[in-house]
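*Asks:* the following comprises the amino acid sequence and a computationally predicted model.
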Amino acid sequence: MPEPERHIEIVPDRDRPSAYTVKIDGTDQSYVDLDDPRRLEFDYVQRIADVIDAYGEPGAPHRFVHVGGAALTLPRYIAATRPRSAQVVLEPDAQVTAMVREQLPLPRHSGIKVRPVDGRSGIAALRDDFAEVVVVDAFDGARIPAELGTVEFFADLARVVVPEGLVLLNLADKAPFPYVRRVVRGVCDSFAQIMISAEPATLKGRRFGNVLVVASQLPLPWESLARRAASSPFPYRVMPYRDVVEKLAARTPFTDADSERSPAPPGGATFFS
């Protein structure tokens with residue numbers, strides 16, 4: 001049987017005529033300002049942008065792959081801050097993409113190409129060393145699909161990204177982080193270096209929230225990112241490799257045989273709204 005169509009809304013920002021929020025089945029999935037794509041409303045998206053801004057030479061173009069698209073907030077940001085970057089977006093929901101293209105059109109010559117394919121299939125189809133940066137930010141409703149948290153997926157990501165490249169994973173969980181811990185162990189099996197960032201309240205177990213995992217085969221600039229985090233509009237904490245491995249890596253990772261979706265947020269889909 002075909003899957004039922006999801007309820008998609010593109011809601012104008014009352015305070016900014018050029019800005020919109022994309023809501024899917026009641027969950028805020030993306031925020032985009034057409035006049036100012038550098039403006040990032042969600043705190044975790046700003047954290048992703050901080051890492052990307054620190055990669056390589058400022059403003060230099062790179063090859064990006066995005067698993068998950070929605071309103072294409074981060075690809076728009078990269079097109080504005082790193083012109084001439086080649087960007088491939090893997091977004092299986094053609095209905096979302098069609099609505100976004102019609103109502104929130106991309107700028108001309110953005111370099112953004114959207115492929116109607118899920119993350120696992122899309123990554124598997126890419127050649128070795130295809131990307132310099134891969135961003136995994138994909139949700140089914142308010143939960144991350146199970147197949148995007150396994151050792152098999154991370155091994156494929158390690159194949160697709162260049163050795164000096166980055167993989168960024170947006171996760172969601174609450175302390176003691178049963179889901180994040182197993183994902184972190186799987187990432188460590190394929191990448192030599194890892195760091196995470198999150199809001200202090202999330203790390204202290206006070207609230208359910210987003211946890212950003214950054215992985216590479218080479219050392220990560222966690223010290224400079226920690227300084228940037230302290231002055232961010234959305235203050236957050238950065239944990240380097242040693243702390244992540246000692247405090248957050250579980251003994252066993254998820255595999256394709258026993259994978260799980262991320263936990264449901266308290267209060268359901270509207271938690272992120």
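*Replies:* Structure received.
*Asks:* after the longest helix along the chain, which helix or strand is next? Please name it.
*Replies:* Longest helix in the chain by number of residues, with DSSP state H as the criterion: helix 178-190. Using DSSP states H and E, the helix or strand that follows helix 178-190 towards the C-terminus is strand 193-198.
*Asks:* quick check: buried residues in the lengthiest strand in the chain?
*Replies:* Assignment by DSSP state E gives strand 161-173 as the longest strand of the chain. By neighbour count on 16 or more other C-beta atoms under 10 Å, the buried set for strand 161-173 is 161, 162, 165, 166, 167, 168, 169, 170, 171, 172, 173. All C-beta spots, glycine's among them, are computed from the backbone N, C-alpha and C.
*Asks:* so the third one sits against residue 131, correct?
*Replies:* Yes: taking contact to mean C-beta atoms under 8 Å, the distance of 6.4 Å between residue 165 and residue 131 places them in contact.
*Asks:* now the helices for this structure?
*Replies:* Here the chain has its helices, by DSSP H, at 43-53, 73-81, 94-103, 119-124, 151-160, 178-190, 200-203, 222-230, 241-248.
*Asks:* looking at those helices, spot the one closest to residue 211.
*Replies:* helix 178-190 (5.2 Å; C-beta to C-beta).
*Asks:* alpha carbons of that closest one, as PDB, please.
*Replies:* Provided in PDB are the C-alpha atoms of helix 178-190 (Å, rounded to 0.1, in the frame of the first residue of the first chain):
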ATOM      1  CA  PRO A 178      20.700   5.600  25.300                       C
ATOM      2  CA  TYR A 179      20.300   6.400  21.600                       C
ATOM      3  CA  VAL A 180      23.200   8.800  21.200                       C
ATOM      4  CA  ARG A 181      25.600   6.500  23.000                       C
ATOM      5  CA  ARG A 182      25.100   3.700  20.600                       C
ATOM      6  CA  VAL A 183      25.300   6.000  17.600                       C
ATOM      7  CA  VAL A 184      28.500   7.500  18.900                       C
ATOM      8  CA  ARG A 185      30.000   4.000  19.200                       C
ATOM      9  CA  GLY A 186      29.100   3.200  15.600                       C
ATOM     10  CA  VAL A 187      30.700   6.500  14.400                       C
ATOM     11  CA  CYS A 188      33.900   5.700  16.400                       C
ATOM     12  CA  ASP A 189      34.200   2.400  14.500                       C
ATOM     13  CA  SER A 190      34.500   4.200  11.200                       C
END
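*Asks:* so which bits of it are buried?
*Replies:* Result for helix 178-190 [16+ other C-beta under 10 Å]: buried residues 179, 180, 181, 182, 183, 184, 185, 186, 187, 188, 190.
*Asks:* so what's the third one closest to, chain neighbours aside?
*Replies:* So that's residue 181. In this structure, residue 181 finds its nearest non-sequential neighbour in residue 250, 3.8 Å apart by C-beta to C-beta, 6 or more residues apart in numbering.
*Asks:* now the one you found: how far from residue 186?
*Replies:* Note on residue 250: its distance to residue 186, by C-beta to C-beta, to the nearest Å, is 9 Å.
*Asks:* cool, and residue 128?
*Replies:* 20 Å.
*Asks:* beta partners of residue 22?
*Replies:* When bridges are called by DSSP bridges, residue 22 pairs up with residue 10, residue 30.
*Asks:* low-scoring pLDDT stretches of the stretch 101-250 of the chain, where are they?
*Replies:* Residue ranges of the stretch 101-250 of the chain with pLDDT under 70: none are present.
*Asks:* count the residues that sit near residue 102.
*Replies:* 9 (other C-beta atoms under 10 Å).
*Asks:* ok, now residue 82?
*Replies:* If we define neighbours as other C-beta under 10 Å, then residue 82 has 22 of them.
*Asks:* ok, now which ones touch the closest residue to it other than its chain neighbours?
*Replies:* If the residues on either side of it in the chain are set aside, residue 82 comes closest to residue 61, at 5.3 Å by C-beta to C-beta, 6+ apart. By C-beta atoms under 8 Å, 6 or more residues apart in numbering, residue 61 lies in contact with 82, 83, 84, 85, 86.
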